[in-house]
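Novice: Whatever this is, show me its structure:
(one chain, ligands or ions: 2)
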Amino acid sequence: MTEEMVSFRGMRVSADWPRRLRDAQLSTTCRRNGVEMGRVRYGDERHAWGAERRPCHDCAAARGEFHVPGCDVEECPACGGQMLGGCDCEWPDDEEEE
Ligand SMILES: [Zn+2]
Ligand SMILES: [Zn+2]
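Specialist: Ligands and ions are numbered 1, 2, ... in the order given. Got it, this is the predicted structure:
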């Protein structure tokens with residue numbers, strides 16, 4: 001494990017994380033149950049994560065930003081469940097970016 005860590009918004013993240021977070025802002029929708037839906041921004045979740053006080057504890061998104069794909073805080077826009085495993089919606093086979 002030689003991955004370089006950097007300080008970002010007061011958190012320790014891998015060196016490429018700020019870029020991944022920036023890239024995440026470019027994909028504003030996801031497909032759910034065959035429907036294109038807008039993703040849920042940090043701070044818009046049904047569950048309060050303290051977005052007004054601190055960045056996302058998992059992916060360091062600031063309030064109003066999209067989470068990095070795979071963040072365990074991101075909510076499913078269809079059902080409000082957890083994007084990462086806690087939701088029963090039908091997903092495309094994978095989340096490949098085009
Ligand atoms: Zn997040
Ligand atoms: Zn869902």
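Novice: residues touching residue 32, list them.
Specialist: Listed by CB atoms under 8 Å, 6 or more residues apart in numbering, the contact set of residue 32 reads 76, 77, 78, 89, 90, 91. (Glycine included, C-beta is placed from N, CA and C.)
Novice: Could you measure from the nearest residue in space to the first one that is not next to it in sequence over to residue 54?
Specialist: What that stands for is residue 76. Closest residue in space to residue 76, ignoring its immediate chain neighbours: residue 87 at 4.3 Å, by CB to CB, 6 or more residues apart in numbering. Distance of residue 87 to residue 54, computed by CB to CB, to the nearest Å: 25 Å.
Novice: quick one: which of the contacts of residue 32 has the most company?
Specialist: When neighbours are counted by other CB atoms under 10 Å, residue 76 leads the contacts of residue 32 with 21 neighbours.
Novice: which residues touch that residue?
Specialist: Remark: with contacts taken as CB under 8 Å, 6+ apart, residue 76 is in contact with 32, 40, 82, 83, 87, 89.
Novice: I'd like the distance between it and ligand 2.
Specialist: Taking CB to the ion, to the nearest Å as the criterion, residue 76 is separated from ligand 2 by 3 Å.
Novice: per-residue confidence for that residue?
Specialist: We note a pLDDT of 93 for residue 76 in this prediction.
Novice: Ramachandran coordinates for it?
Specialist: Backbone dihedrals for residue 76, given as degrees, to the nearest 10, come out at phi -70, psi 130.
Novice: three-state assignment of residue 7?
Specialist: Following DSSP: H, G, I helix; E, B strand; the rest coil, the label given to residue 7 is strand.
Novice: for it, which residues make a bridge with it?
Specialist: Listed beta-bridge partners, residue 7: residue 12 (assigned using DSSP bridges).
Novice: Give me the neighbour count for it.
Specialist: Here the number of neighbours of residue 7 (other CB under 10 Å) works out to 8.
Novice: One more: residue 63?
Specialist: For residue 63, the neighbour count with other CB under 10 Å is 16.
Novice: Look up which helix or strand it falls in, please.
Specialist: With the criterion set as DSSP states H and E, no secondary-structure element contains residue 63; it sits in neither a helix nor a strand.
Novice: Many thanks, I have nothing further to ask.
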